[in-house]
Structures are given as C-alpha cells and as structure tokens.
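>>> no sequence on this one, just coordinates:
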DNA sequence: GTTGTGACATCGC
DNA sequence: CGCGATGCCACAA
C-alpha cells in the first residue's frame, strides 16, 4: 500500500470518500486536490502531509465503497492511474461525456473547482 | 530479516 | 512533452 499511514486511516478514508461523493457528474479532481481539502491530522507536519497525503488518498480509493464515484479521481497529469480496472474507469468517464486526448483529460476544462472546504469538512465530522 | 512494490506529485533534463 | 529520479513508508511474501 502506501507510504506512511495517517494516524487514523479509517477516519481519513471516510473524509476522502465524503469529498469524492461531492464531485459532480462529468467533472474530475486529482488525488493531490482531495488531499489539500483535508486538513493535516494532529501531529502531522504540513510538509510531511504535503508529501504523503496524495498517497493516502490513493489508499482510500483502493478500498472505496460502491457508492463512491471513484472514476472521477485521476492524477495531476490528467491521466488515469495505471492499475487493474483502468480500462473500466476510462469507459465510465467517457460515458459522462469526458473526452480523453492521448489518454489525458483536459483538466482546465473538466477539473472541479467548486468545493466549499469548510462545509465539506464539517460533514466528515459525522465520523 | 530482506525485498519488492505501491489509485501520487514535482522537478530536472 | 516525455521519461526518469526523488521523497523515504507500510506491508505482504
């Protein structure tokens, strides 16, 4: 799996899933973007968080429930990460009207920018 | 006890 | 724009 784990992996992945569920149909976000929307857990230095959090997000996605639109999470290059199921992910994105050019999504056009950070974090408090 | 290997991002050439 | 190196960790085999 990843590089170091967050202090409380279960809580963290719940936060990730909650954010991913907010992604609108036809839009995408990057792993790093999701990581930035979640504050560093207590005891984690900001620079360490910046270095590892994208990996943690990837971990959370590896175990995400069926109701999470995992296909809308891609890497910073606008590409679909190489993993089993990548083919299916691409198909789902195209079904949402997202066009891939040379296996890449045009983030300038499809990346979702409308997250209200404070509001989302408040929701994750449910866990 | 070692080794290989990750749903990443960033920088350099 | 593409490819390789870095960062430097947990976990399975």
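Arrived safely. Fair warning: this is a prediction, and the values are worked out from it, not measured in the lab.
>>> Could you pull out the strands in chain A for me?
Here chain A has its strands, by DSSP state E, at A:29-30, A:73-74, A:100-101, A:104-105.
>>> near DNA strand C at all, stretch A:4-15?
Yes. Using CB under 7 Å from any atom of the strand, stretch A:4-15 reaches DNA strand C at A:4, A:5. Yep, even glycine has a C-beta here, placed from its N, CA and C like the rest.
>>> Who are the contact partners of the most centrally placed residue in chain A?
When chain A is reduced to its mean C-alpha position, the nearest residue by CA atoms, centre = their mean turns out to be residue A:31, at 4.2 Å. Each residue near residue A:31 by CB atoms under 8 Å, 6 or more residues apart in numbering is listed here: A:54, A:57, A:58, A:61, A:73, A:74, A:75, A:76.
>>> now, of the strands of chain A, which is deepest in the fold?
Across those, the average number of neighbours (mean count of other CB atoms under 10 Å) peaks for strand A:73-74, which reaches a mean of 25.
>>> Quick check: residue A:35 touching residue A:59?
No. With contact defined as CB atoms under 8 Å, residue A:35 does not count as touching residue A:59 (11.2 Å).
>>> Right, I'll leave it there.
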